Each structure stands twice: as C-alpha cells, then as structure tokens.
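Participant: Fold the stuff below for me.
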Amino acid sequence: MARRASFQPQTDPKAPPRGCDAPGCAAAGEFRAPKDRSLREYLWFCLEHVRQYNSGWDFYRGMGPGDIETSIRSDTGWQRPTWPLGRLGGMRLDAERMVDPLGILRETALHEKRRTPPRSEAPAELRAALGLLELEWPLDPATLKARYKELAKRYHPDTNGGDRSTEDRLKDINRAYSLLRQRVGRAVSAAQPAHAG
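Facilitator: Next up is the predicted model:
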C-alpha cells in the first residue's frame, strides 16, 4: 500500500529558480516532494524527475503491519484524537430532536420511542386542530365527521341569517377538519388488514 507524496509547484514566482535535485539535471526544480516520512523537508524536482520520484515513493516503506495500521487510523482523524460520540460534555443523542427526513434511522433502537408514541397523547401537530373542534385523542372517523357537521351547521353564514362574522371561524374549522381527516384516515387504513381483491 503506497501513500502518494504531496507534490506542489513552487509558490513564490519572484523567487530565483532553484535547480532540480536529481543528480546531473540542469532543469529548474519547480515541484517539491517530501524527503522522508516526516513531511517536513522537501526536495525540488523538474516535472520529469518528480514523476519518477512519485512512482517510487512509498510512505509506508520500512514500516511493519502494526505501524501501518496505526498510521492509517491516525490519518482518518487528521492526526487528532477521537472518541465515541456523546462521551465528552455529557451530551446524549435525543431521538426527539434528531431530524431524519429520509427515514434512515427508522429501524434503530434510537427511534423506538418515536415509532410507538403513547396512545393517550395526541401528536403535537394535531393538538390545535383537536382543541378547535373540542375533540379528544385517539379519534375515529365517525366521531370526527359528526363533530364537523355539528360545528359547520352552527357557524355557517346561511344558518346565522347571513351573518358573515362567523366565516373566519368556519374557515378554521374546515382547515382543522381537513388535517384531522387526513391523519385519522391514514391511521385507520394502516390499522386495517389488506384484503386480497
């Protein structure tokens, strides 16, 4: 396993041209190459000789398998110490605060609580709608429909002698009913077994 040396062109264009470090080469040394594994000292080569140097460069030459493994592991963390997530600072992963739009973590223990919410508590996004229609959770479609009909009749302008002041209330009721109907309909269809047709 050979690790490529980092060859970069000379950065200062005003500096006097330096010669190629290859023996007997009179060309300018425009490309630097590390002298050894420390990567602190460099040789300068022309393009032809830096390519030759690169083809023979092996960062791991002379290292044993254990040393190579240690070096590779150190490189994966940019030569900085690493530790498991959540160990320092007392931080704990909270499934309620994690955003997982693709559902990648859906089948993990981290989301077990999210998959099975308590049945007595309404989902947060439905609480306002339930409050507006004065309904309790869990909810079945028949109860929802009956309550909607009752409130729609009560707040419809036609049943109030053409009074338009109740229109805004009726619009809110319609929005709440639509949201709850979609959610309750999904819950009912998910609970029903599929029938072969």
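Participant: what about stretch 146-165, average pLDDT?
Facilitator: Averaging pLDDT along stretch 146-165 yields 84.
Participant: In that stretch, which residues are buried?
Facilitator: The neighbour-count check on stretch 146-165 (16 or more other Cβ atoms under 10 Å) flags 147, 148, 151, 155 as buried. C-beta here means a position set from N, CA and C on the backbone, and glycine is covered the same way.
Participant: Take the residues you listed and keep only those in helices.
Facilitator: Mapping the buried residues of stretch 146-165 onto helices (DSSP state H) picks out 147, 148, 151, 155.
Participant: shouldn't the first one be in contact with residue 133?
Facilitator: By that I understand residue 147. Yes. In this structure, residue 147 is within contact of residue 133 by Cβ atoms under 8 Å, at 5.4 Å.
Participant: ok, back up a step: so can I have a markdown table of the ones in helices among the buried residues of stretch 146-165 showing distance to residue 72?
Facilitator: Converted to a markdown table, these look like this (distance: Cβ to Cβ, whole Å):
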| residue | distance to residue 72 |
| --- | --- |
| 147 | 65 |
| 148 | 64 |
| 151 | 67 |
| 155 | 70 |
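Participant: Nearest to residue 43, out of those: which one, please.
Facilitator: residue 148 (81.8 Å; Cβ to Cβ).
Participant: ok, so of the ones in helices among the buried residues of stretch 146-165, who is nearest residue 29?
Facilitator: Nearest to residue 29 among these is residue 148, at 83.1 Å by Cβ to Cβ.
Participant: Could you find the closest non-adjacent residue to that closest one?
Facilitator: In this structure, residue 148 finds its nearest non-sequential neighbour in residue 177, 4.5 Å apart by Cβ to Cβ, 6 or more residues apart in numbering.
Participant: And the helix or strand where the one you found lies, what's buried?
Facilitator: Using DSSP states H and E, residue 177 maps to helix 167-191. For helix 167-191, the neighbour count (16+ other Cβ under 10 Å) marks 170, 172, 173, 176, 177, 179, 180, 181, 183, 184 as buried.
Participant: What does the residue most central in space within the chain show for phi and psi?
Facilitator: Nearest to the geometric centre of the chain sits residue 100, at 7.0 Å (Cα atoms, centre = their mean). Residue 100 has phi and psi values of phi -140, psi 70 when expressed as degrees, to the nearest 10.
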